[in-house]
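Peer 1: Predicted coordinates and the sequence they were generated for:
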Amino acid sequence: GDDTVTGVVNVTVIDDVPSVEIAPAVADDTPATDTVAENGANLSGAITLVEGADQDATLVISGTGFADMSFTLNGAADVTLVRTVMNGPDELGVLSVTVNAGGAASWTFNPSLDVAGEPSFSFTATITDADGDVDADTHTITITDGANPQDAATQSVTLDEDDLPDGSSTNVPALTQVATLAFTAGSDTLGSFVFTGIGGLDTDANDGTAGGTIVWVMSPGDREIKGYVNGDAMTGQLAITLTLGGATSIDPNLAGNVTVTVTLADNFANIFADNLQTSFDLGSVTVQGSDGDDTVTGVVNVTVIDDV
């Protein structure tokens, strides 16, 4: 009744904090990364979320090349958001994230059919609880080159000088022959078909004898080659023309035909003197195509039969 005593109780409250972890699609020694080929199978992984006591938290998926995806972790309903991932003008694929009502989350990436080069992109999952505590995790996906395109089998065309208007057995339609080169695209669109040059074509119809020179000229667009005799393009006569045609592009994983049309317009100065319809091998041309990552080639051999 005469004195008082006191005691002090200290109270501490430890703040709860959220956490997030992005699991890889393929469990290996690089958990922060995944790799997939263009037009490959989808990648999928879990996003492990711990919201903590300070609810309702928010989850934001952000990255370069796509707009943010934002979720409120209130358990109301399953939510899936989808974004197309861009690398400049190139579409890398589609990233989707699902958060279900129970709080589980997952991601899926569907790579595009045709991607230039071997680019990478990253996405970051950031969770923020009701009192502002934050945690984040980042995952990187690299898109590699897919299946390679396939070369065309070598083709041959033969023309006969006796089909010329002044030949021994005139047949004008036979003066034009078409070689078909069948290419197959890989995982990228195949195109940009051109002749690679004139180096494979014979420049001497007489094998060293004077008067048999053939002058070859390729067009600026590398899609036409002309051969002249008795002079050059300005002074000689046009003897033969090779023109590139057919498919200008082939869609991924499909086949397409590129043509080389060969038209004979004049005879060559062959001095075989054997009274035989001797075959003169004019050589070959190579057609090249590209898908931006890889190149393909196809060869056409050209032969002209001497008239007697």
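Peer 2: Looks like it arrived, so ask away.

Peer 1: what sits against the spatially most central residue of the chain?
Peer 2: In the chain, the centroid-proximal residue (CA atoms, centre = their mean) is residue 188; its distance is 2.6 Å. Contact analysis of residue 188 by CB atoms under 8 Å, 6 or more residues apart in numbering lists 38, 114-116, 145-146, 149, 252, 291-294. Glycine gets a C-beta too; all of them are placed from N, C-alpha and C.

Peer 1: what do you get for residue 219?
Peer 2: Here residue 219 is in contact with 225-226 (CB under 8 Å, 6+ apart).

Peer 1: Residue 281 too?
Peer 2: 202, 301-303.

Peer 1: re earlier: what's the ChimeraX line that selects buried ones from the contacts of residue 188?
Peer 2: The ChimeraX command for the buried members of the contacts of residue 188 (criterion: 16 or more other CB atoms under 10 Å) is given here:
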select :38,114,115,116,145,146,149,252,291,293,294
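
Peer 1: which ones among the contacts of residue 188 are found in strands?
Peer 2: Per DSSP state E, strands hold no members of the contacts of residue 188.

Peer 1: Among the contacts of residue 188, name the ones in helices.
Peer 2: Counting by DSSP state H, no part of the contacts of residue 188 is found in helices.

Peer 1: Pipe the contacts of residue 188 into JSON lines and attach pLDDT and distance to residue 101 per row.
Peer 2: Compiled in JSON lines, the contacts of residue 188 are given as follows (pLDDT from 0 to 100; distance: CB to CB, whole Å):
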{"residue": "38", "pLDDT": "88", "distance to residue 101": "35"}
{"residue": "114", "pLDDT": "81", "distance to residue 101": "37"}
{"residue": "115", "pLDDT": "84", "distance to residue 101": "35"}
{"residue": "116", "pLDDT": "82", "distance to residue 101": "40"}
{"residue": "145", "pLDDT": "86", "distance to residue 101": "40"}
{"residue": "146", "pLDDT": "86", "distance to residue 101": "37"}
{"residue": "149", "pLDDT": "95", "distance to residue 101": "47"}
{"residue": "252", "pLDDT": "88", "distance to residue 101": "39"}
{"residue": "291", "pLDDT": "91", "distance to residue 101": "45"}
{"residue": "292", "pLDDT": "86", "distance to residue 101": "44"}
{"residue": "293", "pLDDT": "84", "distance to residue 101": "44"}
{"residue": "294", "pLDDT": "91", "distance to residue 101": "47"}
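
Peer 1: Now the closest residue to the residue nearest to the centre of the chain other than its chain neighbours: phi and psi?
Peer 2: What sits nearest to residue 188 in space, not counting adjacent residues and going by CB to CB, 6 or more residues apart in numbering, is residue 291, at 3.6 Å. Main-chain torsions, residue 291, degrees, to the nearest 10: phi -110, psi 10.

Peer 1: so who does residue 264 touch?
Peer 2: Going by CB under 8 Å, 6+ apart, the list of residues near residue 264 reads 159-161, 163-164, 175-176, 239-240, 304.

Peer 1: So what pairs up with it in the strands?
Peer 2: residue 240 (DSSP bridges).

Peer 1: Residue numbering should commence at 206 henceforth.
Peer 2: Sure, I'll start counting at 206 from here, so that last one is residue 469.

Peer 1: coming back round to it: closest one of the contacts of residue 486 to residue 288?
Peer 2: residue 506 (51.7 Å; CB to CB).

Peer 1: Any regions of the chain where pLDDT drops low?
Peer 2: Low-confidence segments of the chain, defined by pLDDT under 70: 411-416, 475-483.

Peer 1: That concludes my questions; thank you for your assistance.
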